[in-house]
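J.: here's a sequence, model it:
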Amino acid sequence: MKRISIVIVLILLVSAVACKKAENTDTETAPKEEVKEVVSAEAPLNGLSAEEEKDGWMLLFNGTSTDGWRGYKKDHFPAGWKIVDGTIMCEGSGRGEAGAKDGGDIIYDKVFQNFHLKLDWKISKGGNSGIFYLGQEELDFIWKTAPEMQVLDNVNHPDAKLGVDGNRQAGSLYDLIPAKPQNANPFDEWNSIEIIVYKGTVVHKQNGVNVVEYHLWTPEWNEMVANSKFPALNAEWADVASKGLIGLQDHGDDVWFRNIKIKELD
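T.: Got it, this is the predicted structure:
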C-alpha cells in the first residue's frame, strides 16, 4: 500500500513540474503588447503646440524675454513692468492711472489688422487693467485711440458697479458693451481670453465663452461711442483705425499676463 502511495505522489509531482514548464513557455513565447507613445496636443506654457505652429500662430511672449515689447511712446521696456515666474507683470504703484515713474502702458511693436489674439490674465485684489487693440501712438494715451477689453476684479473694484449694465466689468468692451455672460474668475485666479478682429467684426471670448460681439464703423457703433464716458473724444475715438497695436494697461495695480499669442487672419 505504501509503495502505491509513493508512486501516486511521484506521478503528481511530475505532472505539476510539466504544467509549470508549459506555463513558463507560454509566457515567454507570448507576443508583447506594443506600447505607443502618447504625445500631448496641448501647447506648453508660453509656447505653441505643433498644431498652432502649423496653423500660423505667433508667440508674443516666451515667458523669459521682453523682446518685441516696449512702453507706449517709449523706446524701452518700462521698469514698472517685470518678468516674474513666466509672466509679464505690472507692479502696482497704488496711484491708479497715474502709474509709477517709469511705468505706463506697454505695447507689442508690430501692427496687426485682422487677427486672433489669445492670452491669460490674473488681477490682484481690487485691481484694474485692460487689453487694447488697434491702438495708435498719435496721442498721449493708447486708450484714446483703441478699443479696450476690460481686466478687473469685479467684486472689489468700484468700476464694476459704474457704467451701464456692467459694461466696465471684466471681458467687456470698456464702457460700451457688457460681457454677457459675466464669467470672470475672482482676483488671483487666471482667466483665458481671446479677441478676434476681422474686417470690422470684433469678438471677445472669456474663459471659452463668447461674451461680446460688435461691428466697428457702423451707425450702431457711432451711437454707442456718442453715449460713452469720453464725450470730448467721441469724434476721433469712434474712427478706430483698421490696423494698430496690441497694448497692456498699467492702471496702478498688480496684474499678470502670460500665454500671449496671435494669428494673423487673411
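J.: state the distance from residue 136 to residue 61.
T.: 22 Å (CB to CB, to the nearest Å). (C-beta placed from N, C-alpha, C; glycine too.)
J.: of these two, who's got more company?
T.: residue 61 (22 against 16; other CB atoms under 10 Å).
J.: which residues in the stretch 151-266 of the chain form strands?
T.: Applying DSSP state E, counting those that start in this stretch to the stretch 151-266 of the chain gives strands spanning 191-198, 201-206, 209-215, 245-248, 255-264.
J.: any chance of those strands in TSV, plus mean pLDDT, mean neighbour count and distance to residue 157?
T.: Output for the strands of the stretch 151-266 of the chain, formatted as TSV (pLDDT from 0 to 100; neighbours: other CB atoms under 10 Å; distance: least, CB to CB, whole Å):
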stretch	mean pLDDT	mean neighbour count	distance to residue 157
strand 191-198	98	18	15
strand 201-206	98	19	17
strand 209-215	98	16	18
strand 245-248	98	24	17
strand 255-264	98	20	12
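J.: out of those strands, nearest to residue 108?
T.: strand 245-248 (4.8 Å; CB to CB).
J.: what's the distance between the closest one and the middle of its chain?
T.: Strand 245-248 has its C-alpha centroid displaced from the chain centroid by 14 Å (CA atoms, centre = their mean, to the nearest Å).
J.: and that strand, what does it pack against?
T.: Applying 3 or more CB pairs under 8 Å, 6 or more residues apart in numbering; DSSP states H and E, we find strand 245-248 packed against strand 106-108, strand 128-135, strand 255-264.
J.: can you list the strands that that strand pairs with?
T.: strand 106-108 (antiparallel), strand 128-135 (antiparallel) (DSSP bridges).
J.: winner for burial among those?
T.: Comparing the strands paired with strand 245-248 by mean neighbour count (mean count of other CB atoms under 10 Å), strand 128-135 ranks first with a mean of 24.
J.: tilt between that strand and strand 191-198?
T.: Strand 128-135 runs at 20 degrees relative to strand 191-198, counting by axes from the mean of the first three to the mean of the last three CA atoms, to 10 degrees.
J.: okay, and the residue nearest to residue 189 when sequence neighbours are not counted sits in which element?
T.: Using CB to CB, 6 or more residues apart in numbering and skipping residues adjacent in sequence, the residue nearest residue 189 is residue 122, 6.5 Å away. Assigned by DSSP states H and E, residue 122 belongs to strand 115-123.
J.: which element is residue 53 on?
T.: Going by DSSP H and E, residue 53 is in helix 50-54.
J.: can I get that helix in PDB, CA atoms only?
T.: Extracted in PDB, the C-alpha atoms of helix 50-54 (Å, rounded to 0.1, in the frame of the first residue of the first chain):
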ATOM      1  CA  ALA A  50       2.700  71.700 -33.100                       C
ATOM      2  CA  GLU A  51      -0.700  72.300 -34.400                       C
ATOM      3  CA  GLU A  52      -0.600  76.100 -33.600                       C
ATOM      4  CA  GLU A  53       2.800  76.400 -35.300                       C
ATOM      5  CA  LYS A  54       1.400  74.600 -38.400                       C
END
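J.: circling back to that earlier point, now for the strands of the stretch 151-266 of the chain, which one comes closest to residue 71?
T.: Of all those, strand 245-248 comes closest under CB to CB, at 10.0 Å.
J.: contacts for the closest one?
T.: 60, 72, 88, 90, 105-112, 117, 129-137, 142, 146, 255, 257, 262 (CB atoms under 8 Å, 6 or more residues apart in numbering).
J.: for the stretch 101-250 of the chain, which spans come out with low pLDDT?
T.: For the stretch 101-250 of the chain, the stretches with pLDDT under 70 are 101, 231-237.
J.: at 50 instead, please
T.: For the stretch 101-250 of the chain, no stretch has pLDDT under 50.
J.: on that earlier part again, dump the strands paired with strand 245-248 into TSV; add distance to residue 166 as well.
T.: Formatted as TSV, the strands paired with strand 245-248 follow (distance: least, CB to CB, whole Å):
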stretch	distance to residue 166
strand 106-108	27
strand 128-135	15
